[in-house]
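Engineer: build the 3D model from these lines:
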Amino acid sequence: MSMKYLLIKLIILIFPVMASAETNYGAVTITEVVSVYDGDTFRANIYDYPPLIGRSIGIRINGVDTPEMKGKCESEKVLARKARDFTLTALSNAKVIELRNLKRGKYFRIVADVFADGESVGEGLIREGLAVFYDGGRKIKNWCKG
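Structural biologist: Numbering: from 1, shown residues only. Down below sits the predicted model:
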């Protein structure tokens with residue numbers, strides 16, 4: 001077997017695995033919010049899913065980055081609490097919380113566009129100056145510099 005043939009076969013075997021990381025799993029409605037850690041991360045129960053993944057599953061809001069609760073400076077921590085409170089209020093007041101464009105993320109979390117009564121929570125965070133656009137790569141915002 002030639003090296004070229006082996007390489008092509010390897011690519012054919014690996015490509016579906018690589019593509020599955022970006023698989024979109026559709027949409028689901030959250031049954032209840034368990035906790036809100038910060039502006040872009042919370043835990044929820046999804047009773048439509050088996051308990052292994054549907055109970056207290058971590059959710060990361062897709063496309064946004066909020067300040068960290070354990071930030072590098074006091075101003076970042078203050079903004080982090082405001083972002084957390086924004087998300088907590090949006091989710092607590094919603095009659096329907098929907099996760100759209102679900103993907104698998106790091107740390108056994110779901111990454112999804114989060115909608116509270118049809119309104120994007122991520123867009124709301126950005127509009128309020130409590131988040132910046134985030135593509136999942138390197139974080140670029142220094143919340144301590146304003």
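Engineer: tell me which element the spatially most central residue of the chain falls in.
Structural biologist: With distances taken as Cα atoms, centre = their mean, the residue of the chain nearest its centroid is Arg60 (2.0 Å). Arg60 belongs to strand 57-61 when assigned by DSSP states H and E.
Engineer: need the next SSE after that strand, C-terminal direction.
Structural biologist: strand 64-65.
Engineer: and the angle for the next helix or strand along the chain from that next one with strand 57-61?
Structural biologist: Along the chain past strand 64-65, the next helix or strand (assigned with DSSP H and E) turns out to be helix 74-93. Helix 74-93 and strand 57-61 are oriented at 110 degrees to each other (axes from the mean of the first three to the mean of the last three Cα atoms, to 10 degrees).
Engineer: quick check: buried residues in helix 74-93?
Structural biologist: Residues of helix 74-93 classed as buried by neighbour count (16 or more other Cβ atoms under 10 Å): 76-77, 79-80, 82-84, 86-88, 90-91. For the C-beta atoms, the positions are set from N, CA and C on the backbone; glycine is no exception.
Engineer: which residues are contacting that helix?
Structural biologist: Where contact means Cβ atoms under 8 Å, 6 or more residues apart in numbering, the residues beyond helix 74-93 that reach it are 33, 36-40, 42, 61, 66-71, 97, 114, 116-117, 119, 121, 124-125, 128, 130-131, 143-144, 146.
Engineer: secondary structure element for the nearest residue to Gly26 once chain neighbours are set aside, which one?
Structural biologist: Counting by Cβ to Cβ, 6 or more residues apart in numbering, Leu102 is the residue found nearest to Gly26 once chain neighbours are left out, at 6.2 Å. According to DSSP H and E, Leu102 maps onto strand 97-104.
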